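K.L.:
mind folding the following:
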Amino acid sequence: MWQALSRTAQVASCSQIPYFATARFQTILRGGGVIRILVPAVVFQSVMFGGAYGSGREVVEYFSRFGELRGIAGVFTAAVVFSLVVSLSLDIARRASVFEYRQFLGLIAGRGWILFELLFLAMLLLVLAVNLAAGTEMLDLHWQVSRSVSSTLMVALIVMLIILGRRTIQGFMWLGSLLLMGLMITLPFLTPEFTVDSPGATTAPAETAVPAILSGARYALYNLICVPVLLYCARDLRTQGECILAGSLAGTAVVFPALLLHTAFSEGSPELLASSLPAIEWVAASGRPNFQAMYALVFFTMIINTLSGLLLGLNERIDAASPTKSGSGPSLRHGLVTLLVLALSALLARLGVIPLVAKGYGSVAWLVLPVFVLPLLWRFLTTLQPLAPLYQQTENADS
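P.N.:
Next comes the predicted model:
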């Protein structure tokens, strides 16, 4: 397993050496731009590492069910697609000096921005539902907390964080992400290997790698729905080379946990892959109750942080569009909006983690292609002059 992973990494790294060894990128690294290039990777990874990802359900659904090597091909495809789209988005945002959600969509899609807006709201409800379902199942599995009680607890915590404001939410998000990544990195060293009858006994892989590659592309597509919301991380990027490098690192950072979990699941049993919380079940195989409880606690914290972070963004978007802005301080309206959105998501969460990830994410994923990715590629390929005047023309035409 690990030998196959090592070979894949060697091939990927060797194919990139001629490009990243150019004088331009060496100048970037020498010029003190390392921190600003790493910011997009940190932002995208911390936002997209949600409940379905940390539970391992996404990894099984999109990668591990195809087998070890085919799953790695899917992970590599997801990294390439994500890196390409994020790199282009960062560069267009930098060239046009447009770092806000609405402005960026108006630049690349014109009046079609409303389609992306509707798609984002639908995806938001789905992501919230997946995280709520994962959180309630985890509490029921480890501490035998009923789902009604756990749902009430999660909603109360999220509303409290929303009222406390942006700084509190960001602090908990960074802390939770770092703790979760630290625990995940230690998993291969703490858990025993599972015994399977033969290689590939855990899955029913396809005859070719095409289905796994398409699954990896679909995984990247539905995650790309968050890109326009996170373009504030491109403010400090100065050149096209920095945008390409930053986007490539962001793509790598987003899929790296998936690669780690996939290689671990390759040693698992069919029962593990069928679990709604495979990562939690895998930790349980370590025979270390204290470590298992710690992982569950950090995982629950990460879910709360993901939900509160998304809802904070939604509330701030409402504030920006409303005549009376409530700012980042405590707001009764923020709490009411949060309760309403969580109530709608809780209805979806009753379906459970597995059908939501398998059907809901996949259905939304392909819609991202015509609504966001294709307009982005068209704008990038057809624009040879600076983008700032084009943005001004687009705004004048819309008004």
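
K.L.:
contact partners of whichever strand or helix holds Ile163?
P.N.:
Assigned by DSSP states H and E, Ile163 belongs to helix 147-164. For helix 147-164, the external contacting residues (C-beta atoms under 8 Å, 6 or more residues apart in numbering) are 132, 135-137, 139-140, 145, 168-169, 172, 303-304, 307-308, 311-312, 315, 330-331, 334-335, 338-339, 342, 346, 349. For the C-beta atoms, the positions are set from N, CA and C on the backbone; glycine is no exception.

K.L.:
repeat for stretch 364-375
P.N.:
Everything outside stretch 364-375 that qualifies as a contact, by C-beta under 8 Å, 6+ apart, is 85, 108-109, 112, 115-116, 119, 122-123, 126, 218-219, 221-222, 224-225, 227-228.

K.L.:
if any of those residues are buried, put those into a PyMOL selection.
P.N.:
Remark: buried members of the contacts of stretch 364-375, expressed as a PyMOL selection using 16 or more other C-beta atoms under 10 Å:
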select buried, resi 85+108+109+115+116+119+123+126+218+219+221+222+224+225+227+228
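
K.L.:
for Ala79, see how far away the nearest residue to Ser308 once chain neighbours are set aside is.
P.N.:
Distance criterion C-beta to C-beta, 6 or more residues apart in numbering; nearest residue to Ser308, sequence neighbours excluded, is Leu161 at 4.2 Å. According to C-beta to C-beta, to the nearest Å, Leu161 stands 31 Å off from Ala79.

K.L.:
likewise Ala285?
P.N.:
In terms of C-beta to C-beta, Ala285 sits 28 Å off from Ala79.

K.L.:
check Leu175 too.
P.N.:
If you measure Leu175 against Ala79 using C-beta to C-beta, the figure is 26 Å.

K.L.:
cool, Gln45 as well?
P.N.:
Distance, Gln45 to Ala79, using C-beta to C-beta: 12 Å.

K.L.:
repeat that for Ala258.
P.N.:
Distance from Ala258 to Ala79, by C-beta to C-beta: 9 Å.

K.L.:
go on, Leu231?
P.N.:
According to C-beta to C-beta, Leu231 stands 20 Å off from Ala79.

K.L.:
and Glu395, what's its pLDDT?
P.N.:
pLDDT recorded at Glu395 is 48.

K.L.:
comparing Leu175 and Ala79, which residue is more hemmed in?
P.N.:
The neighbour count for Leu175 versus Ala79, taken as other C-beta atoms under 10 Å, is higher for Ala79 (23 against 14).

K.L.:
pLDDT on the helix or strand hosting Glu137, on average?
P.N.:
Glu137 belongs to helix 113-143 when elements are defined using DSSP H and E. Helix 113-143 shows a mean pLDDT of 82.

K.L.:
show me what counts as buried in the helix holding Ile163.
P.N.:
Buried residues in helix 147-164, counted by 16+ other C-beta under 10 Å: 147, 150-151, 153-155, 157-159, 161-162.

K.L.:
try stretch 92-103
P.N.:
For stretch 92-103, the neighbour count (16+ other C-beta under 10 Å) marks 92-96, 98-99, 101, 103 as buried.

K.L.:
could I get those as TSV with distance to Ala246, secondary structure and pLDDT?
P.N.:
Output for the buried residues of stretch 92-103, formatted as TSV (distance: C-beta to C-beta, whole Å; DSSP: H, G, I helix; E, B strand; the rest coil; pLDDT from 0 to 100):
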residue	distance to Ala246	secondary structure	pLDDT
Ile92	13	helix	91
Ala93	11	helix	89
Arg94	10	helix	90
Arg95	14	helix	89
Ala96	17	helix	88
Val98	17	coil	83
Phe99	14	coil	81
Tyr101	19	helix	73
Gln103	20	helix	78
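
K.L.:
wait, which of those is closest to Val34?
P.N.:
Arg94 (17.4 Å; C-beta to C-beta).

K.L.:
surely the closest one touches Ala234?
P.N.:
Yes. With contact defined as C-beta atoms under 8 Å, Arg94 and Ala234 form a contacting pair (5.5 Å).

K.L.:
between those two, what contacts are shared?
P.N.:
Listed as contacting both Arg94 and Ala234 by C-beta under 8 Å, 6+ apart are Cys243.

K.L.:
so the strand or helix carrying Val42 versus helix 113-143, what angle?
P.N.:
Per DSSP H and E, Val42 falls inside helix 34-48. If you take axes from the mean of the first three to the mean of the last three C-alpha atoms, to 10 degrees, helix 34-48 sits at 70 degrees to helix 113-143.

K.L.:
and whichever helix or strand comes after helix 34-48, what does it pack onto?
P.N.:
Scanning forward in sequence from helix 34-48 by DSSP H and E, the next helix or strand is helix 51-55. Applying 3 or more C-beta pairs under 8 Å, 6 or more residues apart in numbering; DSSP states H and E, we find helix 51-55 packed against helix 113-143, helix 240-265, helix 278-284, helix 289-321.
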